[in-house]
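Participant: predicted coordinates and the sequence they were generated for:
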Amino acid sequence: MVLAVDKEISFPTLSRLVTRRILECRGTFFAAVFLWKLALLVLTAQPVPSNDAFFYDGPVVNLILHGKYCNPALAPALPISGTEVFCAYPPLYQLVLLGWMSVFGASAMSAMVLHLILFGICLLLLLAIFRELKLPAWPVHVAAAFLLVITFHDRPDSLAHVFGLAAVYAWVRGHLSRVGIKQGEALEGAQGGGGWIWSMAAFLILGLATGLQIGGIYFLLIWFGVVAACLFCKEIFPFAPMSALVLIPVGLIALVAFGFPHLWAGFAEHARQTPSLTGLRVPRLAELLKMVRTVPGILAVAALLPVIWTRRRQAGQAGLESLWLLTLACTLAAMAIVGASMFVLTPNSVFFASHLQPLIVAGYLTLASSVTASGYDPARRIPAMPRGMRLQTVGFLTLALLGAVRAIGMSTWGLACATDVNYSSGIHRVRAEIDGCPSKSTVVLSSAFLYEAARHEKISWIHSDWMAPAQRGATTMDFEALLSLRPAKILLTQFDYFRRFETVLARLKLRPDLVQLEVTNTAQIPAPDSFPAIQKVVQHISWAPVVVTLQWR
């Protein structure tokens, strides 16, 4: 078959047509973000596994390498989870990780690839939700910029977000079926969608079984959405699936608490040491700055959404009821966790809302465009920007740039650090240092290096964050823990050394009667962690280990 080509089409015209076609696709910039993360992983082995990574991965690594489901790196602080059975957290993530590492190996790189795949699944679910709601391409492109805020994904949170977003997708499908509308197209009627609503409940339960905090956010979101749909869209409340959503998690908790008291004791020993609730407090400046950097899009939508809510009736927004429900439910749930992280929960809880940010921003921009003079046409695929929205769009892109400051650092300074000491070189140095340790000695390591240490049976490998039971407000805990453990080596990431151990080791140097120590920083290019002014802005992007050798008297 011969394809006829119009010879009159010039190259600039063809280029514009191709560009236009690319921009018509909602997934263009989602794909770009994923490819950026893939390149970052391949070229620089980032994001470097953070402090909690081996806390959750360790029991699976130990099971594969040594045949016991516990995490010896936690033994000084959590004796049940460290020496008997890991029960500090719901187990579904570890089950998925076990299947993955059984095939691809128990290493830091293996875990990092898994989390990249889980992130990719989250992107596909977000795009599926946008497709169901038939959002135009341009607000989806703007929302994709907020994906750059998500630079930590090495905890069970990655899998919990997959289940949570799957629950949101199922709810959207079920809602559209139940009201008999899919952007103006008739479906099976008001009693439809039962299968999707049950799927929603199942995914939420799986999310809660993966991560209590993340599952709790999506639990709030779905309840907000379902109740709002009943109040404003006259839906029939789905008693059976919503009851199951409450009763099954409660039943599972009761089963563990009363049927397996030892497992419950292991969960409690962790919960006592790292409680999510801090008590009522006034947020500090650093916590407020973290909130603004992490969820700027959510904060902006929370401020602007009431304005367009008052104008929705004049605009005539037929077909946008489902989008209103989703945007309002997501914003309420996100603001609930953001507010709680400032006043009653640990400040890092603000990160839990980051995966909702693209949903909230894309939903708001679509709704805002519908109240402008140009209106909103769901059949319009061309990603042209409605008049009156350009200023807001520039504002949201600016906020995304603010939130992406660590992503920018990973792509620039992180690349420089990788050319200095890459993943392979860093792990090789860690392996060599461990091989040189006396038999039965203790080595304290950062989370990122524990995957390698776990292969060694002749030493005791201890997590640098769990050298002793956690004590809130204690200022000498690490110093006293080192005196108790008397490690032969301490192998730290740049982040851990400058964040936590530099002052502790300086204090230890003042006690030559107890120990002689030598600190070797293998980084030739200083990591941002070494600069106090920026270590909270760009951090944890270097694989260069800091080697501390100790000789105890």
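Facilitator: It's in. Residues are numbered from 1 along each chain as shown.
Participant: domains of the protein?
Facilitator: 28-403, 422-552 (automatic domain parsing).
Participant: compare these and give me the one nearest Gly409.
Facilitator: domain 422-552 (3.3 Å; C-beta to C-beta). (C-beta placed from N, C-alpha, C; glycine too.)
Participant: remind me which residues of the stretch 151-300 of the chain are low pLDDT?
Facilitator: Within the stretch 151-300 of the chain, the stretches with pLDDT under 70 are 178-193.
Participant: sorry, slip of the keys, the one I care about is the chain.
Facilitator: Where the chain drops to pLDDT under 70, the residues are 1-20, 178-193, 312-319, 372-388, 473-475.
Participant: which residue is the nearest non-sequential neighbour of the most centrally placed residue in the chain?
Facilitator: Residue closest to the average C-alpha location in the chain (C-alpha atoms, centre = their mean): His153, at 4.3 Å. Of all residues not flanking His153 in the chain, His115 sits nearest, at 4.8 Å (C-beta to C-beta, 6 or more residues apart in numbering).
Participant: gap between the one you found and Ile525?
Facilitator: Using C-beta to C-beta, to the nearest Å, His115 is found at 26 Å from Ile525.
Participant: give me the more crowded residue out of these two.
Facilitator: His115 (22 against 13; other C-beta atoms under 10 Å).
Participant: please tell me how far the more buried one sits from Ser158.
Facilitator: Relative to Ser158, and taking C-beta to C-beta, His115 is found at 5 Å.
Participant: what do you get for Asn62?
Facilitator: 21 Å.
Participant: of those two, who's got more company?
Facilitator: Ser158 (25 against 21).
Participant: quick one: buried residues of the helix or strand containing Met410?
Facilitator: Per DSSP states H and E: Met410 is located in helix 405-420. For helix 405-420, the neighbour count (16 or more other C-beta atoms under 10 Å) marks Val405, Arg406, Ala407, Gly409, Met410, Ser411, Trp413, Gly414, Leu415, Cys417, Ala418, Asp420 as buried.
Participant: and the helix or strand following it, how far from the chain's centre?
Facilitator: Reading on from helix 405-420 to the C-terminus, the next helix or strand found by DSSP H and E is helix 423-435. Counting by C-alpha atoms, centre = their mean, to the nearest Å, helix 423-435 is centred 28 Å from the centre of its parent chain.
Participant: identify the residues contacting the helix or strand just after helix 423-435?
Facilitator: Using DSSP H and E, the helix or strand that follows helix 423-435 in sequence is strand 442-445. Here strand 442-445 makes contact (C-beta atoms under 8 Å, 6 or more residues apart in numbering) with 73, 430, 434, 437, 453, 459-464, 467, 482, 485-492.
Participant: quick one: the strands in the stretch 51-200 of the chain, in order.
Facilitator: For the stretch 51-200 of the chain, applying DSSP state E, counting those that start in this stretch gives strands covering 181-182, 185-186.
Participant: ok, the stretch 401-550 of the chain next?
Facilitator: Counting by DSSP E, counting those that start in this stretch, the stretch 401-550 of the chain has strands at residues 442-445, 460-463, 489-492, 515-521, 546-552.
Participant: those strands: which one's closest to Phe86?
Facilitator: Among those, strand 460-463 sits nearest to Phe86 (C-beta to C-beta), with 12.8 Å.
Participant: report all helices and strands that the closest one contacts.
Facilitator: Counting contacts by 3 or more C-beta pairs under 8 Å, 6 or more residues apart in numbering; DSSP states H and E, strand 460-463 packs against helix 53-66, strand 442-445, helix 447-453.
Participant: neighbouring strands for that strand, and are they parallel or not?
Facilitator: Paired strands of strand 460-463, with direction, are strand 442-445 (parallel) (DSSP bridges).
Participant: please state the offset of the partner strand from the chain centre?
Facilitator: Put simply, strand 442-445 sits 28 Å off its chain's centre (C-alpha atoms, centre = their mean).
Participant: returning to that earlier point: including distance to Ala257, could the helices and strands packed on strand 460-463 go into a markdown table?
Facilitator: Formatted as a markdown table, those follow (distance: least, C-beta to C-beta, whole Å):
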| stretch | distance to Ala257 |
| --- | --- |
| helix 53-66 | 21 |
| strand 442-445 | 34 |
| helix 447-453 | 29 |
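Participant: show me how far stretch 406-424 is from its chain's centre.
Facilitator: Distance of stretch 406-424 from its chain centroid, counting by C-alpha atoms, centre = their mean, is 20 Å.
Participant: ah, wrong one, I meant stretch 390-404
Facilitator: 21 Å.
Participant: and it, what's buried?
Facilitator: By neighbour count on 16+ other C-beta under 10 Å, the buried set for stretch 390-404 is Gln392, Thr393, Phe396, Leu399, Ala400, Gly403, Ala404.
Participant: and the helices in the stretch 451-553 of the chain?
Facilitator: Assigned by DSSP state H, counting those that start in this stretch, the helices in the stretch 451-553 of the chain fall at 477-485, 494-496, 502-509.
Participant: and these, which is most packed in?
Facilitator: The highest mean neighbour count among these, using mean count of other C-beta atoms under 10 Å, belongs to helix 494-496: a mean of 26.
Participant: got the contact list for it?
Facilitator: 48, 50-51, 446, 464, 521, 523, 527, 529-530, 539-540, 542, 544, 546.
Participant: among these, which two are most distant?
Facilitator: It's Ser50 and Asn521 that sit farthest apart of the contacts of helix 494-496, by C-beta to C-beta, at 19.9 Å.
Participant: these two: who's more crowded?
Facilitator: Ser50 (21 against 17).
Participant: assumed the more buried one was part of a helix.
Facilitator: No: under DSSP: H, G, I helix; E, B strand; the rest coil, Ser50 sits outside any helix and is assigned coil.
Participant: mind starting the numbering at 52 from now?
Facilitator: Okay, residue one is now 52; in that scheme the one you just asked about reads as Ser101.
Participant: wait, doesn't it sit right on Phe203?
Facilitator: Yes: Ser101 lies in contact with Phe203 (C-beta atoms under 8 Å); the separation is 5.8 Å.
Participant: buried set for stretch 171-183?
Facilitator: Buried residues in stretch 171-183, counted by 16+ other C-beta under 10 Å: Gly171, Cys173, Leu174, Leu176, Leu177, Leu178, Ala179, Ile180, Phe181, Glu183.
Participant: neighbours of Arg551, how many?
Facilitator: Arg551 - counted by other C-beta under 10 Å - has 16 other residues nearby.
Participant: among the buried residues of helix 456-471, which one sits closest to Thr397?
Facilitator: Among the buried residues of helix 456-471, Arg457 lies closest to Thr397 (C-beta to C-beta), at 19.2 Å.
Participant: for that closest one, give its distance to Met393.
Facilitator: Distance from Arg457 to Met393, by C-beta to C-beta: 20 Å.
Participant: what's the longest helix along the chain packed up against?
Facilitator: If you go by DSSP state H, the chain has its longest helix at helix 159-184. Secondary-structure packing of helix 159-184 (3+ C-beta pairs under 8 Å, 6+ apart): helix 79-95, helix 104-117, helix 143-155, helix 208-229, helix 372-394, helix 408-421, helix 474-486, helix 498-504.
Participant: this completes my enquiry, with thanks.
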